[in-house]
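> From the sequence below, what's the structure:
(2 chains)
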Amino acid sequence: MSLLKIENLHAAIDGKEILRGIDLEIGAGEIHAIMGPNGSGKSTLSYVLAGRPGYDVTAGSVTFQGKDLLTLEANERANEGIFLAFQYPVEIPGVAGMTFLRESYNAKLRYQGEAEVDAMQFLKMVRAKAKTLNMNDDMLKRPVNVGFSGGEKKRNEILQMAVLEPTLAVLDETDSGLDIDALKLVSEGVNALRSAGRSMLIITHYQRLLNYIQPDYVHVLAHGRIQRSGGKELALELEASGYAEYAEEAA
Amino acid sequence: MSATAETVDQVKDLTADKYKYGFSTDIEMEFAPKGLNEDIIRFISAKKDEPEWMLEWRLKAYRHWLTMEAPNWAKVGYPEINYQDVYYYAAPKNMEDGPKSLDEVDPELLKTYEKLGIPLLEQELLAGVVAVDAVFDSVSVATTYKAKLTEMGVIFCPISEAVRQYPEMVKKYLGSVVPYSDNYFATLNSAVFTDGSFVYVPKGLRCPMELSTYFRINAENTGQFERTLIIADEGAYVSYLEGCTAPQRDENQLHAAVVELVTLDNAEIKYSTVQNWYPGDETGKGGIYNFVTKRGACRGANSKISWTQVETGSAITWKYPSCILQGDNSVGEFYSVAITNNAQQADTGTKMIHLGKNTRSTIISKGISAGRADNTYRGLVKVMPKANGARNFTQCDSLLIGDKCGAHTVPYIESRNPSARIEHEATTSKISDDQLFYCMQRGLSAEDAVGVIVNGFCKEVMKNLPMEFAVEAQKLIGISLEGSVG
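Alright, predicted model coming up:
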């Protein structure tokens, strides 16, 4: 059985239809990349999966681990194991990253009916995780994302992902705004988190991220539909030919 | 309706009766007859076994009060209060003579405090470092740790006891910061005050434990008029905590307290309040009218007074803890978090009056408004001609949750000295959908997300609270904002 099954998904923002019938299946441990031109609905798909208010599903279904995802609140989806690495991580002034992450972690434990961890236990665990990612946890002492560089923000997302251990990670344009060194560091982090029990949906405009994070499948999204699917070689093809053909097709 | 809004509504239903301190205690009470007149004041004075001069002072205040009118400049609205419909004295009956020790305290009353989380019994307190004076309606119930404090020369007792035991000191300082004629509510308090705490910290002593008072209004239709007087003698230091709760009642209850602080040369008082009086229900029915005058005088050179308040309760808050910076190089601080939800109204802030040279003041105010609430910061910074080199820094931040609430900032700045430096910063912001979604995507419920964001917003103030209060205050912020998003 697939981990995530999207069938004929239609979604609109303020009455304007953005997703026009998406079909996608992701199996356990698989890495799927979604590529596409600007405005094709890539970020919308990630928000719809994460349950962002204001994104109205008008038709279709999404099943996650056998559950109807669309009936769940954003926090419930998170606690079920869906993690969204944001394209633009949000600042939360005055809240130390460590505190924020501990609240999140404990929310998940509560959801699962388990006992919460205390500050000391948690600190130890985070340090260990950061070490495996070759990151240090200094940025968790600062308020969440406040005054962070682009690279720090994305690294912070990956560190959060490592701690929260999602079953499905959706990475929304994680490469945007990163220089090549930061891109490498972040990709290494993501690769370190690959496992048989964790699937990923990587949303990107450019192929370059896929040089570092090798997907099992590549899909081309344009005009709210998946136009083509293939293996990782599809990304290279797109890099050479661009998205022009998909622009014409719809016109 | 979106799924989020639905959840919030469900949560709202569950938490309609969420004021967890809203129980009342069934104890036989003794009341003075309802209403206010000279006989009632004589009754209170006699109950407290007061000397003649105290009664005279009360009567002077009462006669002055009759000539005054209630202030109407604050941005709060409420029906006129019928001062004849209030009990001015209510005391648990079997405590008429005052308990001699904790063993004599009504076990029902101790249970009440237990429910409130105040460990009154000394053996329990041995683990902590807090001395508590608990005031239940009009009477101080118990002052813990008294012996130990006395040994060090610290006086910490109900003010009615101080009037009898230390009349010279009370005469010297009572009304010296907030005169009996100061304002409508302070004058009323001067006439009818029933209990409160008295603290004297002797020269050079750093009081090693936090002193704490817990106020609770229990009886129906009862006003609580406590009076607190704290004196830190030369070089002394004391940290004082004050917490407040009241049962959930449909009528409004009046709380008009006066707090006076005095610091002499090189002395410091840190005064922290967590105010959680019953705020009324969602529709604005019931709740405490919290009309309080708090003022500190930095009389001595290099002295310091620091007010920290977390105000989450009360239907109406009208409160301006202030500092009169008389001594050269004296320092005044005001750190405030004021949260209003549903139909609550708060008009709160501070006054910093710079009289001495090189006096400094800092004001950090965080106002959070949700529901249909109105939240006003009102503050005065005044620099007098002799206050050469005076400095003030003010930061007022307002946070709005939803689109039916209001935040207002009303700063008054008066400088009569050209060398003064005064800075004022103010911001108003809303909790953004982006922030809420980000938190929820990390697993937090909408309510918890608001709690986290608001706690971050208040951090500069919260870090000034003593440790044991900070944790409680943090939780309180979450509770008081329940049902505020959607």
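> Helix or strand: which one has residue 240?
Let's take chain A. helix A:233-241 (DSSP states H and E).
> looking at chain B here, not the other one
strand B:237-245.
> What are the contacting residues of that strand?
Contact partners of strand B:237-245, identified using Cβ atoms under 8 Å, 6 or more residues apart in numbering or on different chains, comprise B:21, B:116, B:118, B:130, B:154, B:199, B:201, B:205-207, B:210-216, B:228, B:230, B:232, B:255, B:267-278, B:313, B:466, B:469, B:472. No exception for glycine: its C-beta is placed from N, CA and C like everyone else's.
> quick revisit: and the helix holding residue A:240, what does it pack against?
Here helix A:233-241 touches strand A:31-35, strand A:217-222, going by 3 or more Cβ pairs under 8 Å, 6 or more residues apart in numbering or on different chains; DSSP states H and E.
> Save these as TSV, and put in distance to chain B, mean neighbour count and mean pLDDT too.
What follows is the helices and strands packed on helix A:233-241, written out as TSV (distance: least, Cβ to the nearest Cβ, whole Å; neighbours: other Cβ atoms under 10 Å in any protein chain shown; pLDDT from 0 to 100):
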stretch	distance to chain B	mean neighbour count	mean pLDDT
strand A:31-35	18	24	95
strand A:217-222	21	22	94
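> Format these as a markdown table; extra columns: distance to residue A:142.
Listed next are those as a markdown table, based on distance: least, Cβ to Cβ, whole Å:
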| stretch | distance to residue A:142 |
| --- | --- |
| strand A:31-35 | 31 |
| strand A:217-222 | 35 |
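> What residue in chain A comes nearest to chain B?
residue A:94 (3.1 Å; Cβ to the nearest Cβ).
> That residue touches residue B:457, doesn't it?
Yes - between residue A:94 and residue B:457 a contact is recorded at 5.7 Å, counting by Cβ atoms under 8 Å.
> which of those two has more neighbours?
residue B:457 (24 against 20; other Cβ atoms under 10 Å in any protein chain shown).
> Now the more buried one, what are its backbone angles?
phi -60, psi -30 (degrees, to the nearest 10).
> where does the residue nearest to it when sequence neighbours are not counted land in three-state SS?
Counting by Cβ to Cβ, 6 or more residues apart in numbering or on different chains, residue B:457 lies nearest to residue B:399, which is 5.2 Å off, once chain neighbours are set aside. When classified by DSSP: H, G, I helix; E, B strand; the rest coil, residue B:399 comes out as strand.
> From the chain's centre, how far out is the helix holding residue A:240? Work that out for me.
Its chain's C-alpha centre and that of helix A:233-241 lie 22 Å apart, by Cα atoms, centre = their mean, to the nearest Å.
> Quick check: mean pLDDT of it?
If you average the pLDDT over helix A:233-241, you get 84.
> where exactly do the helices run in the stretch 51-200 of chain A?
A:74-80, A:97-111, A:119-132, A:150-164, A:180-192 (DSSP state H, counting those that start in this stretch).
> Next one, pLDDT for residue A:61 please.
96.
> contacting residues for it?
So residue A:61 contacts A:5, A:6, A:7, A:8, A:9, A:68, A:70 (Cβ under 8 Å, 6+ apart).
> what do you get if the cut-off is 7 Å, keeping everything else the same?
Neighbouring residues of residue A:61 by Cβ atoms under 7 Å, 6 or more residues apart in numbering or on different chains: A:7, A:68, A:70.
> If you rank those residues by neighbours, which is first?
Neighbour max across these (other Cβ under 10 Å) = residue A:70, 18 neighbours.
> Could you report the distance from it to residue A:50?
To residue A:50, residue A:70 is 12 Å away according to Cβ to Cβ, to the nearest Å.
> Wait, residue A:235 touches residue A:218, no?
Yes - counting by Cβ atoms under 7 Å, residue A:235 does reach residue A:218; the two are 4.9 Å apart.
> which residues do the two both contact?
Counting by Cβ under 7 Å, 6+ apart, the residues touching both residue A:235 and residue A:218 are A:33, A:35.
> Specify the beta-bridge partners of residue B:412.
residue B:380 (DSSP bridges).
> Tell me, how many residues neighbour it?
Neighbour tally, residue B:412, other Cβ under 10 Å: 11.
> Would you confirm that it contacts residue B:383?
No - in this structure residue B:412 lies outside contact range of residue B:383 using Cβ under 7 Å: 11.9 Å.
> Give me the residue at the spatial middle of the chain.
No chain was given, so I picked chain A. Computing the C-alpha centroid of chain A and ranking residues by Cα atoms, centre = their mean puts residue A:170 first, at 1.8 Å.
> Sorry, I should have been clearer: chain B.
residue B:273 (5.2 Å).
> any weak-confidence spans in the stretch 251-400 of chain B?
Filtered on pLDDT under 70, the stretch 251-400 of chain B yields the residue ranges B:251.
> re earlier: just the ones of the contacts of residue A:61 in strands?
When DSSP state E is applied, those are split such that A:7, A:68 fall in strands.
> Same list (the contacts of residue A:61) but as JSON lines, adding distance to chain B and pLDDT.
Shown next, in JSON lines, are those (distance: Cβ to the nearest Cβ, whole Å; pLDDT from 0 to 100):
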{"residue": "A:7", "distance to chain B": "20", "pLDDT": "96"}
{"residue": "A:68", "distance to chain B": "12", "pLDDT": "96"}
{"residue": "A:70", "distance to chain B": "9", "pLDDT": "95"}
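> Closest one of the contacts of residue A:61 to residue A:99?
The shortest approach to residue A:99 among these belongs to residue A:70, at 31.2 Å (Cβ to Cβ).
> contacting residues for that closest one?
So residue A:70 contacts A:57, A:61, A:62 (Cβ under 7 Å, 6+ apart).
> next one: residue A:109
A:115, A:116, A:117.
> Likewise for residue A:172?
A:43, A:46, A:84, A:85, A:86, A:87, A:203.
> Please apply the same query to residue A:198.
Residue A:198 neighbours (Cβ under 7 Å, 6+ apart): A:29, A:166, A:167, A:169.
> Identify the farthest-apart pair in the residues you listed.
The two members of the contacts of residue A:198 with the most space between them (Cβ to Cβ) are A:29 and A:166, at 12.8 Å.
> Burial check on residue B:477, number of neighbours?
Residue B:477: 22 neighbours (other Cβ under 10 Å).
> For chain A, list the residues in contact with chain B, please.
A:50, A:52-53, A:73-75, A:78-79, A:84, A:86, A:90, A:92-95, A:100, A:103-104, A:107-108, A:143, A:160 (Cβ under 7 Å from any Cβ of the partner chain).
> near chain A, which residues of chain B?
Counting by Cβ under 7 Å from any Cβ, chain B sits next to chain A at B:2-4, B:7, B:433-435, B:437-438, B:440-445, B:448, B:452-453, B:455-457, B:459.
> on that earlier part again, out of the helices and strands packed on helix A:233-241, the one nearest residue B:482 is which?
Nearest of the helices and strands packed on helix A:233-241 (Cβ to Cβ): strand A:31-35, 38.9 Å.
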